[in-house]
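sequence isn't available, so here's the structure alone:
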């Protein structure tokens, strides 16, 4: 029995790779800066902090005085710095060699910037798989923090989670601190005196430790928290209350770990925090899970049954979202190519691009995940495309490669040259699912279809926020509507968003999609050909690369009186911003965010000032064009919103008697090139 509780207080600071500088600067102004400056006034309050590597570098460059202050706090023993993966990857989702490299790189960055060598590590999204143990241990990490929920799922009781435990894998040991969910939901949302009183109650009950490690963004960036934490002085009140209490002592994880013994061996299941386990589920399964949780809460049995209401695992995102899985498998393929190089050729520049491509945020979606945010996917694809170009310059690939790259049962063909790469899915659609410009370091195929989501049910019911008691609401309780959302906005796409998704419209209005079969591949000519039959018509589809131009040629036999149509979806950085616009006959009819209809188009350009490049479409014969922005409905800590994913162009050609051929060319240009 102890008369004091050791408060192990830690915060995790991260911004997604690719986030906008104005967002980072606002995050610093509302959170990182005031948090550090407030804590610096209380040197007796010990705490831990973790920064993802690129954010630490950004802050050190942009706000050196605050990082110098943090370094002073480290030097005086007030702050313990945690390590982890440098670019904030989910360690379980990348190869062992990259886990080790990412952790070692952040350790070196922390030593260089803050003068400390981490003994503890932050696990991205608290995603636990036992396979991460060897890399962490080999990188010099001695302990990590995971949710107490992980331990409850082993059958442990909450009262047992009053210290750290030990696990092992492949001959390496690692200690695990269980983060208190009760503290995660209290700090900083309940009034400061109530939070202090809760900590004191733990001391009274004889609990030796109170373990907290959570997002620092809760202290200023989440809705209402800046006013609550700083303007209304919650943080100062909490710190003063803790330091004045005879029942609470703040300690570093390192000191507590050194002075106490492990609580014993434990083997945790694959898990993340409990909210994540819900987000990973498909919509229908998510409804069932949410209903079970709601029923258990209403019956008062949730705390007892919670460990057995497991939900899904983080990797489910790769099965739920083909776009995430494709990106992930592209990254893994490049990691393998990089590993195959002689050690002397694996220079830091190559690793930088690979580690950028492993940043977690763009691979998943929940309340915070960034798969729905185009600029975050673009940052990952930027790393992928740039690394691929460099690897090709060192160890060139063939001009055409056929393989099931994403392990989904259908092969893809990669057509490539030094300027452009087109990835064609060898299924009935024969669509271009990826279109990379190496000079622009951009994938024009980086679009996202509209998926069915569990949170659509909240929108359909027009649920509103509910918050009882004192303090402020957590982002988990926020239900807000940033945009007007219609029922049509929630209808899932029947087909992926890609380029050259074809259909034939009969004279009676009936629609049919050709079921293409692979007919021929030509590595020498950088081409691939498909054939299909639709009713009494047959069509040949030939996809070919020449320099920075992709051409698709259709040849028809029959079909007179019908209309042939194809759909192209382009990912462009400006989305519905002011710097993305169509160029037609020397004029700018509208931006990508507005609909556009033209009766007979033989050439049109999609020009993007942010990209510093453009796509020029050539159409022979001229086509009817209907262009529109493609939006998805996302959720974030600020509420529900519509996000533009692509500019979608529908092209139509009435098939007149004797019409035998249609050609569409996509010429990719960068600023400075001659038209």
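Looks like it came in fine. Being a predicted model, the structure only gives us computed values, none of them experimental.

residue 610 versus residue 363, what's the distance?
23 Å (Cβ to Cβ, to the nearest Å). From N, CA and C alone the C-beta is placed, and that goes for glycine too.

higher neighbour count, those two?
Set residue 363 next to residue 610 and count neighbours by other Cβ atoms under 10 Å: residue 363 wins out with 27 against 14.

could you find the closest non-adjacent residue to that one?
Spatial nearest neighbour of residue 363, chain neighbours left out: residue 324 (4.9 Å); criterion: Cβ to Cβ, 6 or more residues apart in numbering.

and if you look at residue 432?
Nearest in space to residue 432, with sequence neighbours left out and distances taken as Cβ to Cβ, 6+ apart, is residue 499 at 4.1 Å.

got it, and residue 429?
residue 501 (5.9 Å).

show me what the one you found is bridged to.
Beta-bridge partners for residue 501, by DSSP bridges, are residue 567.

ok, back up a step: how far away is the residue nearest to residue 432 from residue 595?
For residue 499, the distance to residue 595 - Cβ to Cβ - is 19 Å.

neighbour-wise, which of these two wins?
residue 499 (26 against 9).

which residues touch that one?
By Cβ atoms under 8 Å, 6 or more residues apart in numbering, the residues touching residue 499 are 431-433, 435, 444-445, 567-570, 666.

residue 52 contacts residue 86, doesn't it?
Yes - using Cβ atoms under 8 Å, residue 52 is in contact with residue 86, at 7.3 Å.

what is in contact with those two at once?
Common neighbours of residue 52 and residue 86 (criterion: Cβ under 8 Å, 6+ apart): residue 106.

now do the contacts for the closest residue to residue 85 other than its chain neighbours.
Distance criterion Cβ to Cβ, 6+ apart; nearest residue to residue 85, sequence neighbours excluded, is residue 102 at 3.9 Å. Taking Cβ under 8 Å, 6+ apart, we find residue 102 in contact with 84-87, 89, 91, 94, 355, 358.

report the mean per-residue pLDDT for the helix or strand hosting residue 622.
Applying DSSP states H and E as the criterion places residue 622 in strand 613-636. What strand 613-636 shows for mean pLDDT is 96.

oh, and call the first residue 529 from now on, that's how I've got it
Let's use 529 as the start, then, which means that last one is strand 1141-1164.

buried sites along it?
1141-1145, 1147, 1151-1164 (16 or more other Cβ atoms under 10 Å).

average pLDDT for stretch 783-801?
Across stretch 783-801, the average pLDDT comes to 96.

so which bits of that stretch are buried?
Under the neighbour-count criterion of 16+ other Cβ under 10 Å, stretch 783-801 has 784-785, 790-791, 794, 796, 798-801 buried.

could you do stretch 1176-1186 as well?
So stretch 1176-1186, judged by 16+ other Cβ under 10 Å, has buried residues 1176-1179, 1181, 1183.

next: stretch 578-591.
Here stretch 578-591 shows 578-588, 591 as buried, counting by 16+ other Cβ under 10 Å.

nearest to residue 840 among the residues you listed?
Residue 840 lies nearest to residue 580 out of those, by Cβ to Cβ, at 24.8 Å.

picking up where we left off before, any idea of the mean pLDDT for the helix or strand the residue nearest to residue 613 falls within?
Assigned by DSSP H and E, residue 630 belongs to helix 624-642. The average pLDDT within helix 624-642 is 98.
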